[in-house]
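**Q** pasting the structure only:
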């Protein structure tokens, strides 16, 4: 039986890749792993605990109804970041503004974390896979001071690490530090994430597309043309059209395409002219992973990680997945 490599061991082995970090980045990644274990436990027990399921009774800054588990997960990660000392501030999809940690301990932190604590939370009550998405940057402000908005509004290409946790049939953590993508599956018997998917590569093309086709008639014409003439019709050299696979949890749709190949599309529409997905919490971290795995992420015309954010909850159109498929979709846009 071959030796199992735990996430902690893997991170420590790679610590030399970041001489500027002095161990803080390694501890931060481990903090994220610990918080995700707690959230995974809460997700799996949610149906048994009446105060875990259903709506919270409030909406977030996006105008979306908050689920109870949204708030529970958000608080779990924030408390972990506060206690760790590596993070000087955070921004979360669930909060109106960014949060600068004001303890002397935290003000010396080198990093900020932007995250979506529970992506796909509308699927919680129906037991469909959901996830956490996170993005890590080195702070721009001075060490020892409070975090600023400038720390939060950085381009995706400035990320030093990004990842997601998928709470599905198993709990899986996938992350990159700019040196490839690796996946770890939580072994509940020992309570550890173990390396299960080393050096993940996204196939250059695939046979699946994920899009909410209920929006097809309010998209720009090129999107409709791409879906109808390229995805839904048999192409030369293939026996059948693409297969439509739309889960409605971004992490789950992306994870499937990362492993099997495919494209995920959430374009701008006449109803949502800026797009629907958040640049900082969802698109940038997944774009970093996609590019490191050989894929591509754009807003239909521009590289996602080259977009300069203008506000905390900025939305963008999102095309991500296998490189050749994203390029094909882009060719249909005028």
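**A** Now that the structure is in, tell me what you want to look at. Computed from a predicted structure; not experimentally measured. Numbers count the residues shown, from 1 in each chain.
**Q** tell me the domain boundaries of this protein?
**A** 7-197, 208-331 (automatic domain parsing).
**Q** mind checking the end-to-end distance for the last one?
**A** When you say that, I think you mean domain 208-331. End-to-end span of domain 208-331 (Cα to Cα, to the nearest Å): 18 Å.
**Q** now the domains of the chain in a markdown table, with mean neighbour count and mean pLDDT?
**A** Backbone N, C-alpha and C define where each C-beta goes, glycine included. A markdown table is the format used below for those (neighbours: other Cβ atoms under 10 Å; pLDDT from 0 to 100):
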| stretch | mean neighbour count | mean pLDDT |
| --- | --- | --- |
| domain 7-197 | 19 | 89 |
| domain 208-331 | 19 | 94 |
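**Q** residue 37 falls within a helix, correct?
**A** Yes - judged by DSSP: H, G, I helix; E, B strand; the rest coil, residue 37 forms part of a helix.
**Q** pretty sure residue 82 sits in a helix.
**A** Yes - counting by three-state DSSP, residue 82 falls inside a helix.
**Q** what's the spacing between it and residue 100?
**A** Note on residue 82: its distance to residue 100, by Cβ to Cβ, to the nearest Å, is 11 Å.
**Q** so residue 236, which of the three states?
**A** Secondary structure assignment for residue 236 (three-state DSSP): coil.
**Q** might one say that residue 268 is in contact with residue 317?
**A** Yes - contact criterion Cβ atoms under 8 Å: residue 268 and residue 317 qualify, at 4.4 Å.
**Q** for this protein, which residue is closest to the average position?
**A** Among the residues of the chain, residue 133 comes closest to the average C-alpha position under Cα atoms, centre = their mean, at 3.3 Å.
**Q** quick one, what contacts residue 156?
**A** 135, 279, 283-285, 287-288, 304-307 (Cβ atoms under 8 Å, 6 or more residues apart in numbering).
**Q** picking that back up, the residue nearest to the centre of the chain pairs with what?
**A** Beta-bridge partners recorded for residue 133 (DSSP bridges): residue 116, residue 164.
**Q** surely it meets residue 278?
**A** No - using Cβ under 8 Å as the test, residue 133 is too far from residue 278 to be in contact (9.4 Å).
**Q** overlap in contacts of those two?
**A** Listed as contacting both residue 133 and residue 278 by Cβ under 8 Å, 6+ apart are residue 116.
**Q** against which helices or strands is the helix or strand harbouring residue 264 packed?
**A** Element membership for residue 264 (DSSP states H and E) is strand 263-266. Applying 3 or more Cβ pairs under 8 Å, 6 or more residues apart in numbering; DSSP states H and E, one finds that strand 263-266 contacts strand 208-210, helix 250-260, strand 318-321, helix 323-331.
**Q** closest to residue 178 out of these?
**A** Of all the helices and strands packed on strand 263-266, helix 250-260 sits nearest to residue 178, with 16.6 Å by Cβ to Cβ.
**Q** what segments of the stretch 51-200 of the chain are strands?
**A** 55-59, 65-67, 87-92, 99-100, 111-119, 130-138, 161-167, 171-176, 181-187, 192-197 (DSSP state E, counting those that start in this stretch).
**Q** no more questions from me, cheers.
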